[in-house]
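Enquirer: Please work out how this folds:
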Amino acid sequence: MALVTVAQVNSALRLDLQGDAPGFSADERTPDVELKIRQAEDIVLDFIQPKPDPAWTTDDVPGRVSAAIILAVSYLMDETDAGNEALSALAGGDPNAQSPIVGLLRRLRTPTLA
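Expert: This is a model prediction of the structure:
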C-alpha cells in the first residue's frame, strides 16, 4: 500500500541513498527509510477521517497527502523537538493543532461533534 516511494523520499529529503534506483538496495539506510515510510503513512492515514475509499495508491494519492507523509518521514528521521511536536499534534487528532502536517491534512477530515 505504499503511497510514497523510497525514491520520492530520497529526492525530497536529499538523502543521497546509494544503489540502483528505484530500490536503493545497496544502501544500508534503506530498510530504516522504508520503515519510516510505513510509519509515516500510518500516522497520516490515521489522522484523515473518513478513510479514503477506495484506498489511494502511489499513482492517485493527493499531493498534499504525499507531502504530509514525506514531512512525517523527515520528522521521524530527525527526532527534533519541532518534529516531535508536529507528530504529537497528529496523535491528538486535533484538527486545529499547529503543525505543518495538520495544515496539509485539515481539509481531509470530516468535522465531528464532541
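Enquirer: can you list the weak-confidence ranges in the protein?
Expert: For the chain, residues meeting the criterion pLDDT under 70 lie at 1, 20-23, 25, 92-96, 112-114.
Enquirer: Give me the most central residue, it.
Expert: Using C-alpha atoms, centre = their mean, the residue of the chain that lies closest to the mean C-alpha position is Ile69, 1.5 Å off.
Enquirer: Report the distance from stretch 56-75 to the chain centre.
Expert: Distance of stretch 56-75 from its chain centroid, counting by C-alpha atoms, centre = their mean, to the nearest Å, is 5 Å.
Enquirer: Alpha carbons of it, as CSV, please.
Expert: Extracted in CSV, the C-alpha atoms of stretch 56-75 (Å, rounded to 0.1, in the frame of the first residue of the first chain):
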residue,chain,number,x,y,z
TRP,A,56,-5.2,5.6,-2.6
THR,A,57,-2.2,4.2,-4.5
THR,A,58,1.1,5.8,-5.4
ASP,A,59,-0.4,6.9,-8.6
ASP,A,60,-3.5,8.7,-7.3
VAL,A,61,-2.6,9.8,-3.8
PRO,A,62,-3.3,13.6,-3.4
GLY,A,63,-0.2,15.7,-3.5
ARG,A,64,-0.9,17.2,0.0
VAL,A,65,-1.1,13.7,1.4
SER,A,66,2.2,12.6,-0.1
ALA,A,67,3.7,15.8,1.1
ALA,A,68,2.4,15.2,4.6
ILE,A,69,3.9,11.7,4.5
ILE,A,70,7.3,12.9,3.4
LEU,A,71,7.2,15.6,6.2
ALA,A,72,6.3,12.9,8.7
VAL,A,73,9.2,10.8,7.4
SER,A,74,11.6,13.7,7.9
TYR,A,75,10.3,14.3,11.5
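Enquirer: tell me which residues of it are tucked away?
Expert: Residues of stretch 56-75 classed as buried by neighbour count (16 or more other C-beta atoms under 10 Å): 56, 61-62, 65-75. C-beta here means a position set from N, CA and C on the backbone, and glycine is covered the same way.
Enquirer: now do stretch 77-93
Expert: Quick answer for stretch 77-93 (16+ other C-beta under 10 Å): 77, 83, 86-87, 89-90.
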